[in-house]
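**Q** sequence plus the predicted model coming up.
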Amino acid sequence: MTESTSLVPDTPINVGISSCLLGQNVRYNGGHSQSRLCLDSLSQFFTFSPFCPEMAAGFGTPRPVMRLIGDPADPRLVYSDNATQDLTEQLQSGFADKIHNSGELDGYILMKNSPSCGLERIKIYQDNGHPHIDRGRGLFTEALVARYPLLPVEEEGRLNDAHLRENFILRVYAHHNFRQEVLATPSYHNLLQFHSSYKYVLMAHSQAAYKTLGRLLAEAHQQPLDELLPDYLQQLMAALASPARRKGHTNVLMHILGYLKKTVAGEARQNMVEVIHRYREGKIPLVTPLTLLRHYIDREGSDYIRTQRYLQPYPEDLGLRNQL
Ligand code: SF4
């Protein structure tokens, strides 16, 4: 790999999104919930696939407000001012094709507080008009997550948090890379290559998962490929489910520095250690020690270290590591 080679894919990253977030006038009140983050920033990197389950089900706009009622384990969709008409099956018929055809997506961004699209904390009302203590999911999202449990999903509002945004985008790219590099042409070799490139990403997130997945691959040939690949992806996505902490990143930065023993020695090495410590103390962002390390890696790093996705898990122009 040369200095100019990118670790990020050049194939389109397809991401589903609630239509109202892209500014489409599909909400119950005829309006939208436009997301500047999605429209101005993420749209440069993702190919969005907008979908409004309520419009697809023919409810039209404007339409009466809807809510979920009944058993939290099996909630029903009704109009808020008329609970006698069960709208659940109409909604489910409207989104059935979309669920079926979402296998090419690498992520999904959802509108919060919706009885159709909400990812969590959706109120489910009892007969007495009060919500259950247990909250639920919108019916479309529940079906989406049941059908694609490993698909990275997130509510748009949560993406305003720098750590959650970085984590979601990291997972989207990992999901995409796995589909392109392993599932498209399944082989033990491709899985090992993929795993090798994600080693430091894994190490930053979870030492335990790093070791477990390492062991899984050491014994890979004992398991049929069609069982091994979903098992691996499930464990990978579980390990990446939460943002890596400063301690995990520090550990990886020190490991990378260890690879550069001959290149970065003496005073330069001591300076590098100090920069990593300042990052660990929260005084500078992650991008600072990484930029310095990449400078040395570009000059004299081994192929192994250059192909580590940790160095560039997503396009740099997203600026995500400036805020970590
Ligand atoms: S159903 Fe979903 S996409 Fe449609 S308006 Fe409601 S939140 Fe937005």
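**A** Good, I have the coordinates. What you see is a predicted model, and the numbers here were worked out from it, not measured in a lab.
**Q** give me every residue in the stretch 1-150 of the chain lying close to the ligand.
**A** The stretch 1-150 of the chain comes close to the ligand at residues 18, 19, 20, 26, 27, 52, 53, 54, 111, 114, 116, 117, as judged by C-beta under 6 Å from any ligand atom. Every residue, glycine included, has its C-beta placed from N, CA and C.
**Q** at 5 Å what do you get?
**A** Residues of the stretch 1-150 of the chain found near the ligand (C-beta under 5 Å from any ligand atom) are 18, 19, 20, 26, 27, 52, 54, 111, 114, 116, 117.
**Q** quick one, what contacts the last one?
**A** By C-beta atoms under 8 Å, 6 or more residues apart in numbering, residue 117 lies in contact with 18, 53, 110, 111, 138, 140, 141.
**Q** most neighbours out of the residues of the stretch 1-150 of the chain next to the ligand, which is it?
**A** residue 18 (31 neighbours; other C-beta atoms under 10 Å).
**Q** ok, the residue nearest to that one when sequence neighbours are not counted to residue 127 distance?
**A** Excluding the flanking residues, the one nearest residue 18 by C-beta to C-beta, 6 or more residues apart in numbering is residue 111, at 3.9 Å. Distance, residue 111 to residue 127, by C-beta to C-beta, to the nearest Å: 27 Å.
**Q** what does stretch 148-164 rub up against?
**A** 18, 21, 33, 35, 37-38, 102-103, 105-112, 118-120, 141, 144-145, 165, 168, 171-172, 175, 233-234, 237, 243, 320, 323-324.
**Q** I meant stretch 191-209, not that one.
**A** Contacts of stretch 191-209 (C-beta under 8 Å, 6+ apart): 7, 170, 174, 177-178, 181-182, 210, 213, 217, 220, 225, 228-229, 232, 235-236, 238-240, 242, 244, 248-249, 251-252, 255-256, 304, 307-311, 313.
**Q** whichever of these end up buried, select them in PyMOL.
**A** Here is the PyMOL selection string for the buried members of those, based on 16 or more other C-beta atoms under 10 Å:
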select buried, resi 7+170+174+177+178+182+210+213+217+220+228+229+232+236+239+240+244+248+249+251+252+255+256+307+308+309+310+311+313
